[in-house]
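Engineer: Need coordinates for the following:
(2 chains)
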Amino acid sequence: AQSVTQLGSHVSVSEGALVLLRCNYSSSVPPYLFWYVQYPNQGLQLLLKYTTGATLVKGINGFEAEFKKSETSFHLTKPSAHMSDAAEYFCAVSDGGGSNYKLTFGKGTLLTVNP
Amino acid sequence: NAGVMQNPRHLVRRRGQEARLRCSPMKGHSHVYWYRQLPEEGLKFMVYLQKENIIDESGMPKERFSAEFPKEGPSILRIQQVVRGDSAAYFCASSGDRNNQPQHFGDGTRLSIL
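Structural biologist: Residues are numbered from 1 along each chain as shown, chains lettered A, B, ... in the order given. Alright, predicted model coming up:
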């Protein structure tokens, strides 16, 4: 079974500051890892994903995440926050094998960006 | 609009009624997934379907819930005899094939039970 823990249900940063959203996972097999963003009353939009290969993954809107196997982490970062980044962010994991379609999500982190 | 289309966006039902949620996958996608999001929770996998086949329904409640993806038309998530606890946002996602991540999500159906 897999699980995802997102530390901090609510993160607040100032515009222009570093964004760091934490995600730790548990998986008995090599994982696929994802970050999704959800704006109010909308569906989830993929920011980035890790399947295999390079452990530093770059996504849309200036976000990136690094897969650290030893720490079972996949933290999301952005060097400089923008007001438009305010949204809820979900980390998700699936197994890299036969059930890789079954995404397990964390509870989400609400990002607030202050002017 | 080439994205995943869900309707209705909002659905209100009284206890005991039936709820039908529809999902049209992205053009060219033949794999559909349903997820449920309870308040202040992440999405929970419910079911994975291909055309005319249920591949994995391990996340579906054993009673009152069913899903289909017919040869023609949208995928349907059906909830019979709804109860207050069914109130949630239901999201549909689609992909080109099960190994072709990522899944693309629709905007969801918000189901409210009176």
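Engineer: For the residue of chain B found nearest chain A, which non-adjacent residue is spatially closest?
Structural biologist: Nearest residue of chain B to chain A, counting by C-beta to the nearest C-beta: residue B:42, 3.3 Å away. No exception for glycine: its C-beta is placed from N, CA and C like everyone else's. Leaving aside its chain neighbours, residue B:42 sits nearest to residue A:105 (3.3 Å; criterion: C-beta to C-beta, 6 or more residues apart in numbering or on different chains).
Engineer: Against residue A:66, how distant is the residue of chain B closest to chain A?
Structural biologist: 21 Å (C-beta to C-beta, to the nearest Å).
Engineer: Of those two, which one has the most company?
Structural biologist: Per other C-beta atoms under 10 Å in any protein chain shown, whichever of residue B:42 and residue A:66 has more neighbours is residue B:42, with 20 against 15.
Engineer: So that one sits against residue A:5, correct?
Structural biologist: No - using C-beta atoms under 8 Å, residue B:42 is not in contact with residue A:5, being 10.6 Å away.
Engineer: List the residues that contact the nearest residue to residue B:103 once chain neighbours are set aside.
Structural biologist: Leaving out its chain neighbours, the residue that sits closest to residue B:103 by C-beta to C-beta, 6+ apart is residue B:93, at 3.8 Å. Residue B:93 makes contacts with A:44, B:4, B:32, B:33, B:34, B:35, B:103, B:104, B:105, B:106, as judged by C-beta atoms under 8 Å, 6 or more residues apart in numbering or on different chains.
Engineer: I'd like the distance between residue A:77 and residue A:108.
Structural biologist: From residue A:77 over to residue A:108 the distance is 17 Å, taken as C-beta to C-beta.
Engineer: re the thing from before, closest one to residue B:73 out of the contacts of residue B:93, please.
Structural biologist: Distance to residue B:73, by C-beta to C-beta, is smallest for residue B:32 among these, at 11.8 Å.
Engineer: From residue B:96, how far out is the closest one?
Structural biologist: Counting by C-beta to C-beta, the gap from residue B:32 to residue B:96 is 12 Å.
Engineer: the more surrounded of those two?
Structural biologist: Using other C-beta under 10 Å, the more surrounded residue of residue B:32 and residue B:96 is residue B:32, with 27 against 15.
Engineer: okay but the more buried one is in contact with residue B:23, surely?
Structural biologist: Yes - at 6.2 Å, residue B:32 and residue B:23 qualify as touching, with contact defined as C-beta under 8 Å.
Engineer: tell me, what's touching these two both at once?
Structural biologist: The contact sets of residue B:32 and residue B:23 overlap at B:75, B:92, B:94 (C-beta under 8 Å, 6+ apart).
Engineer: Most neighbours out of the residues you listed, which is it?
Structural biologist: residue B:92 (29 neighbours).
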